[in-house]
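Asker: Structure for this input, please:
(one chain, ligands or ions: 1)
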Amino acid sequence: MTVKPWSQRFESALHPAIVAFNASITFDIELIEYDLSGSQAHAEMLGQVGIIPKAEAQVIVAGLEQIRQEYRQGQFQPALEAEDIHFAVERRLIELIGEMGKKLHTARSRNDQVGTDIRLYLRDQIAQIRHQLRDFQSTLIDLAEVHIETLIPGYTHLQRAQPLSLAHHLLAYVEMAERDWQRLGEIACRVNVSPLGLGALAGTPFPIDRQFTAERLHFEGLYANSLDGVSDRDFAIEFLGAASLIMVHLSRLSEEVILWASQEFGFVTLTDSCATGSSIMPQKKNPDVPELVRGKSGRVFGHLQGLLVLMKGLPLAYNKDLQEDKEALFDSVKTVQACLEAMTILMREGIEFQPQRLEQAVAEDFSNATDVADYLAAKGVPFREAYNIVGQVVKTCLSQGKLLKDLTLAEWQALHPQFAEDIYAAIAPRQVVAARNSVGGTGFDQVRQALERVRSRLTSKDEPRHTVP
Ligand code: ARG
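Answerer: As a prediction, this is how the structure comes out:
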């Protein structure tokens, strides 16, 4: 029969199904290293301020370290009966060092303990995701570097709109990733606040030193209110919001790669290292990687929604509902990390742009029509009038199966006397792109400057990583 720490207060044992239902050890084992570090800091503090003898605190810290080694060697496998990682560690500590182990839980509760653990966990994971975002950006930048002068059709409403430098298109995702990186940095400040020492909900009568444990664990601040601190999961929701946006960005890029790889577009081919075959159609090469990334985005959005709903009806302070935060958080972290890794590989070696097909694509449509209107406007024709004239030109061309570049000078001049020989240069795709040299535009000079800017951002110093232990 399971003996729970609270068993003295109860008449009979828990139903075995309820033991399983209540347990979180199957997933919160993920927190073990953070739980151990948090407990070590707490034990040291108990010794430091004299709540327990210093010598005993040292034995506790060493016992916890031994559990860490056991875990790392695969020898710490707590049973379901342990309920959660906090009880599992405490139980093992008592097995290892006896009576002294029973003093560890003085002046704290599992409520401030679990809050500490998930904050330490999330702080580490955020640092890793930010690192991965940097890798993703630098992969896109490398790719952009060789494609400054490669042209690609630009779309609005998924209709051909204006041609672009392919580098400009890729750099759009570098900017999105930059905001993701910043956002996670801002959230990290609110994650990095210590709830340790808040007790179950009201603080503790012991003369603890919260500053001491916070410093040991590299927290940057302390929760000011015990009720708030033990039951706050805002930081987790903020993280899921930021994680969702990362997935939105990865999913949009995925969607584009999938379109580009289709026979209809043919802008990229997938290399063998990142594409898969069909079990029945031998000719096929499938974009599984971007499809999976697009598909997995739903999980992260779902977890965000799940946690919002989890929190909205909770009275202060801790409620067992909060145990449900962990799987949402862990799964989101793993999903984002796996997707960032896969997309980085895909962009580095999984796709090959097809320059010939791209060149043909930008030459075969009316995406230079705006430039004809701009041409007239630059010669003093009011833009709206120019726009209407070009509308007529496009209509005529369509009815004759021609493109703008196929019109003779006489035909141009019949449409408007301001057209001259230089109209042909003005509507050549390369010129159309080069001309858009306004700040943030696709003009080659702008793109070169943008590349320099984003590169220097990457080489600027990253914040230090806090890792425990
Ligand atoms: N396993 C619990 C959780 O994840 C730990 C905190 C339990 N606290 C309590 N008062 N039952 O939330």
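
Asker: Mind listing what's buried along the helix ranked longest in the chain?
Answerer: Counting by DSSP state H, the longest helix found in the chain is helix 110-145. Applying a neighbour-count criterion of 16 or more other Cβ atoms under 10 Å, one finds 110-127, 129-130, 132-141, 143-144 buried in helix 110-145. Every residue, glycine included, has its C-beta placed from N, CA and C.

Asker: So which of those residues reach the ligand?
Answerer: Among the buried residues of helix 110-145, the residues that sit close to the ligand (Cβ under 6 Å from any ligand atom) are 110-111, 114.

Asker: Check the offset of the longest helix of the chain from the chain's centre.
Answerer: Here helix 110-145 is found 8 Å from its chain centre; the criterion is Cα atoms, centre = their mean, to the nearest Å.

Asker: Okay, buried residues for stretch 298-305 please.
Answerer: Result for stretch 298-305 [16+ other Cβ under 10 Å]: buried residues 299-301, 303-304.

Asker: Go through those residues and say which is closest to the ligand.
Answerer: His303 (15.9 Å; Cβ to the nearest ligand atom).

Asker: three-state assignment of the closest one?
Answerer: Assigned state for His303: helix (three-state reduction, DSSP: H, G, I helix; E, B strand; the rest coil).

Asker: What does the pLDDT read for it?
Answerer: pLDDT for His303: 98.

Asker: same thing with the one 4 residues further on?
Answerer: pLDDT, the model's per-residue confidence, is 98 for Leu307.

Asker: Quick one: check the host helix or strand of it for contact with the ligand.
Answerer: Assigned by DSSP states H and E, Leu307 belongs to helix 288-312. No. Judged by Cβ under 6 Å from any ligand atom, helix 288-312 stays clear of the ligand, getting no closer than 11.4 Å.

Asker: orientation of the very next helix or strand once past that helix relative to helix 288-312 in degrees?
Answerer: Moving toward the C-terminus from helix 288-312, the next helix or strand (DSSP H and E) is helix 325-345. Going by axes from the mean of the first three to the mean of the last three Cα atoms, to 10 degrees, helix 325-345 is angled at 160 degrees with respect to helix 288-312.

Asker: tell me the average confidence for helix 325-345?
Answerer: Averaged over helix 325-345, pLDDT sits at 98.

Asker: Can I get it in CSV, CA atoms only?
Answerer: Taking Å, rounded to 0.1, in the frame of the first residue of the first chain, the C-alpha atoms of helix 325-345 are listed here in CSV:
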residue,chain,number,x,y,z
ASP,A,325,-0.1,23.4,-17.4
LYS,A,326,2.9,21.2,-17.8
GLU,A,327,2.0,18.9,-20.8
ALA,A,328,0.9,22.0,-22.7
LEU,A,329,4.1,23.7,-22.0
PHE,A,330,6.4,20.8,-22.6
ASP,A,331,4.7,19.8,-25.9
SER,A,332,4.8,23.4,-27.2
VAL,A,333,8.5,23.7,-26.3
LYS,A,334,9.3,20.4,-28.1
THR,A,335,7.1,21.2,-31.1
VAL,A,336,8.7,24.7,-31.6
GLN,A,337,12.2,23.3,-31.2
ALA,A,338,11.6,20.4,-33.5
CYS,A,339,10.0,22.6,-36.2
LEU,A,340,12.7,25.3,-36.0
GLU,A,341,15.3,22.6,-36.4
ALA,A,342,13.5,21.0,-39.4
MET,A,343,12.8,24.2,-41.2
THR,A,344,16.4,25.4,-40.8
ILE,A,345,17.6,22.1,-42.4
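
Asker: What residues does Glu30 make contact with?
Answerer: Glu30 makes contacts with 121, 326, 330, as judged by Cβ atoms under 8 Å, 6 or more residues apart in numbering.

Asker: again, only using 6 Å
Answerer: Glu30 is in contact with Phe330, counting by Cβ atoms under 6 Å, 6 or more residues apart in numbering.

Asker: shouldn't Phe301 be in contact with Ile246?
Answerer: No. In this structure Phe301 lies outside contact range of Ile246 using Cβ atoms under 6 Å: 11.3 Å.

Asker: in the stretch 151-300 of the chain, what residue is nearest the ligand?
Answerer: Ala200 (6.8 Å).

Asker: Can you get me a residue count around that residue?
Answerer: 15 (other Cβ atoms under 10 Å).

Asker: do Phe267 as well
Answerer: The number of residues near Phe267, taken as other Cβ under 10 Å, comes to 22.

Asker: which ones are touching it?
Answerer: Going by Cβ under 6 Å, 6+ apart, the list of residues near Phe267 reads 260, 358.

Asker: Surely Tyr155 is within a strand?
Answerer: Yes. The assignment for Tyr155 (three-state DSSP) places it in a strand.

Asker: Around the ligand, pick out the residues from this structure.
Answerer: 24, 28, 84, 86, 110-111, 114, 318, 320, 322-323.

Asker: Please render those residues as CSV that adds distance to Pro163 to the earlier fields.
Answerer: Listed next are the residues of the chain next to the ligand as CSV, based on distance: Cβ to Cβ, whole Å:
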residue, distance to Pro163
Ser24, 55
Asp28, 53
Asp84, 58
His86, 60
Arg110, 61
Asn111, 59
Val114, 55
Tyr318, 58
Lys320, 58
Leu322, 53
Gln323, 54
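
Asker: of those, buried ones?
Answerer: The buried subset of these (16+ other Cβ under 10 Å) comprises 24, 28, 84, 86, 110-111, 114, 318, 322-323.

Asker: could the residues you listed go into TSV alongside distance to Arg72?
Answerer: Output for these, formatted as TSV (distance: Cβ to Cβ, whole Å):
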residue	distance to Arg72
Ser24	21
Asp28	17
Asp84	20
His86	19
Arg110	24
Asn111	27
Val114	22
Tyr318	30
Leu322	28
Gln323	25
